[in-house]
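Engineer: predicted structure and sequence below. I'll ask about it afterward.
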Amino acid sequence: MNNTPNEMRRDPVTGKWVIIDRDMEPDEVVSLLRASVARDAERIKPGPCVFCPGEEKNTPAPIVEYVDGQFHYGTHFENWQVRVIPNRHPVFRIEGNLNRRPVSMYDVMDAVGAHEIIVENRQHLDWDELKRSEVIDILRVYQERMKDLSKDERFGHLFIFKNCGPSSSSRLQHPHSTSFASPSVPERIRRELEFTRRHYQLKERCLFCDIVSEELRRKNHHSGIVKSYDSFITISPFFASHPFETWILPRNHSSDYRTMPGEHLTQLAQALQENLQMVKSMVGSLSYTLLLFTRPNKFWGADRDYWSTIDVDYHWHFKFFPRFPRETGFHRSFSAGSGYMINQVPPETAAEMLRSQGNRPKSKAE
Ligand SMILES: [Zn+2]
Ligand SMILES: [Zn+2]
């Protein structure tokens, strides 16, 4: 039992309060994660799945396949490296118009958008087990899908996430990401945009750049910095809402993942792989979620002046967090009912623990 009182920290990007719960020692949280990893391992079925090579006829026709550095739209190649297919049960459908309309006092529109599965590679290997070049290929496909879908002004926002492992709600075992184009800017993103714009209006600085500066300022004292690279930085931010949550951000301000220069891909892949290696060397092959946040589609709502400062006030980033299985009871009902998140590992402690893993010699992904 830790006698230090719990603390509430406000997330400046969403305005939400996070409770830093010090009841458990960080090592106890690591033990819980390790136990969930062991349970997950029992749920993983061996052998090929519907997304494996040779099973393509059992999936919808590809939107695009990535082969030897080229994107091939609407054509199937036996030797595909990354494959993008429509989801069989899409939340959003690509056909039609938004058809915005009132129904009595309510706002209604058709669920027009895109819902795609990015089959990341030909084997059941996670990013830390892939070659650097294979992770770069996936990151390229992320850029390509976002660029392509952004041409459609019906789509307000593009987002990509990756759920990995049985505790991440992923029903599919094959490594994959999900790409969405939504017909409006989702509430969570809209909230982020409002807070970041307000910060810019007040200070004429990007909020995310300020968060990175603050973590760098505390460099030798409870810093959330996990690892620094020339062009990227991995941090566990002061207000992180999950144990061992990390963010990977470009060090130089940039609002749009789509415009990231190709020469940055290698280092981004390295940062993402090393982030996974650090967490996994501590708890094992865990379930996790990786989210890519970037600015909304500039063609959507352009005539409504929504985005006059978006290029200077928003900052694209990846957010990573481990997934705990339901049975560990991490105050889900409390969070659902109150909106408060509970983090049982202070982010500065998480950063320190991850850094110590990163200092161990290993170079699997080199
Ligand atoms: Zn498979
Ligand atoms: Zn910035």
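Structural biologist: Good, I have the coordinates. None of these values were measured; they are calculated from a predicted model. Ligands and ions are numbered 1, 2, ... in the order given.
Engineer: any buried residues in stretch 255-265, and which?
Structural biologist: 255-258, 260, 264-265 (16 or more other CB atoms under 10 Å). (C-beta placed from N, C-alpha, C; glycine too.)
Engineer: the strand or helix carrying I160 pairs with which strands, parallel or anti?
Structural biologist: Using DSSP states H and E, I160 maps to strand 157-164. Partners of strand 157-164 in the sheet, by DSSP bridges, are strand 176-182 (antiparallel), strand 288-293 (antiparallel).
Engineer: what is the mean pLDDT for the last one?
Structural biologist: In this model, strand 288-293 has an average pLDDT of 96.
Engineer: list the contacts of it.
Structural biologist: Residues from elsewhere that reach strand 288-293, judged by CB atoms under 8 Å, 6 or more residues apart in numbering: 142, 159-165, 168, 189, 192, 257, 272, 276, 279, 316-323.
Engineer: do the same with the first one
Structural biologist: For strand 176-182, contacts defined as CB under 8 Å, 6+ apart pick out 51, 84, 87, 91-92, 113-120, 138, 142, 145-146, 149, 152, 155-163, 170, 297.
Engineer: swap the cut-off to 6 Å and go again
Structural biologist: 113-120, 145, 149, 155-162 (CB atoms under 6 Å, 6 or more residues apart in numbering).
Engineer: pLDDT averaged over that strand, what's the number?
Structural biologist: Mean predicted confidence for strand 176-182 is 95.
Engineer: residue of the stretch 251-366 of the chain with the smallest distance to ligand 1?
Structural biologist: S285 (16.4 Å; CB to the ion).
Engineer: sec struct for that residue, please.
Structural biologist: Three-state call for S285 (DSSP: H, G, I helix; E, B strand; the rest coil): coil.
Engineer: how about the spatially closest residue to it that is not a sequence neighbour, secondary structure?
Structural biologist: Among residues not flanking S285 along the chain, V37 sits closest, at 6.0 Å (CB to CB, 6 or more residues apart in numbering). Following three-state DSSP, the label given to V37 is helix.
Engineer: V37 reaches L286, doesn't it?
Structural biologist: Yes: using CB atoms under 6 Å, V37 is in contact with L286, at 5.2 Å.
Engineer: which one of these two has more residues nearby?
Structural biologist: Set V37 next to L286 and count neighbours by other CB atoms under 10 Å: L286 wins out with 23 against 19.
Engineer: ok, so what distance separates the residue nearest to G54 when sequence neighbours are not counted from R122?
Structural biologist: In this structure, G54 finds its nearest non-sequential neighbour in P48, 7.3 Å apart by CB to CB, 6+ apart. Using CB to CB, to the nearest Å, P48 is found at 10 Å from R122.
Engineer: show me which of those two is the more surrounded one.
Structural biologist: Using other CB under 10 Å as the criterion, P48 and R122 rank with R122 on top: 18 against 13.
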